[in-house]
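Undergrad: A predicted structure for the sequence below; I have some questions about it.
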Amino acid sequence: MLAKENMSLLKITTDRLELIAGTQELARANIFNRTEFARLLDARVPDEWPPPLSDMDSMKWFERYLLENPDSIGWVTWYFILRTDDLGERVAIGNGGFKGKPDSDGTVEVGYSILEEFQRAGYATEAAKGLVSWAFEHEEVNRVIAETFPALVGSIGVLENIGLVFIGKGSEEGTIRYAITRREFEG
């Protein structure tokens, strides 16, 4: 059964990455069993895992959301796998995804995080672009937003590189918000 689920995981393939949508099983393994997590991803999981801003609270939130919303696979966490590193291995380098299914206006919020040793190589841009493209494949999505902190210049660069534009203050104190509409994305 476990291998069968692994075979049918929802995936996005980009030039260098494979993005694997989180399932309840993956989310649990991410929290409780690194060996099983690596097996399910078919990738090495570095000792530095999880990536920045992926704390235990957020990992438990993803697990709980998937448990309560079993039809939400793809609308929460994704794991970013570098298909071939310098040693020819598959390696987990980051994660990201959405804060749930599209809201009543068709908006989803995207986020991403890359392990420090893999930052500044374009992986966050590649992963975020893959996620945004995947979201717009769903007709119910009209807009993708993202929030970051003004000091996170690299994150702002990722958002701007994939076409999101600054629209103002974020939902939490000290954050700023970026967005792209379907029309802007398709144009």
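TA: Looks like it came in fine.
Undergrad: what about the helices in this structure?
TA: For the chain, the helices defined by DSSP state H occupy 2-7, 24-32, 34-41, 56-68, 123-136, 153-161, 182-186.
Undergrad: tell me which residues in the last one are buried?
TA: By neighbour count on 16 or more other CB atoms under 10 Å, the buried set for helix 182-186 is F185. All C-beta atoms are positioned from the backbone trio N, CA, C, and that covers glycine.
Undergrad: cool, and the second one?
TA: When neighbours are counted by 16+ other CB under 10 Å, the buried residues of helix 24-32 are found to be Q24, E25, L26, A27, R28, A29, N30.
Undergrad: Pipe the residues you listed into TSV and attach distance to G168 and pLDDT per row.
TA: Listed next are the buried residues of helix 24-32 as TSV, based on distance: CB to CB, whole Å; pLDDT from 0 to 100:
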residue	distance to G168	pLDDT
Q24	36	94
E25	39	96
L26	34	96
A27	32	96
R28	37	96
A29	38	97
N30	33	96
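Undergrad: Now distance to R16 too, for the residues you listed, in CSV please.
TA: Shown next, in CSV, are the buried residues of helix 24-32 (distance: CB to CB, whole Å):
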residue, distance to R16
Q24, 28
E25, 26
L26, 21
A27, 24
R28, 28
A29, 24
N30, 22
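Undergrad: wait, which of those is closest to S113?
TA: Minimum distance to S113 across the buried residues of helix 24-32 is 13.0 Å, recorded for N30 (CB to CB).
Undergrad: Which residue is the nearest non-sequential neighbour of that closest one?
TA: Residue nearest to N30 in three dimensions, not counting chain neighbours: F37, with 5.1 Å by CB to CB, 6 or more residues apart in numbering.
Undergrad: before we move on, what about A127?
TA: F80 (4.8 Å).
Undergrad: The one you found and E172, how far apart?
TA: Counting by CB to CB, to the nearest Å, the separation of F80 from E172 is 24 Å.
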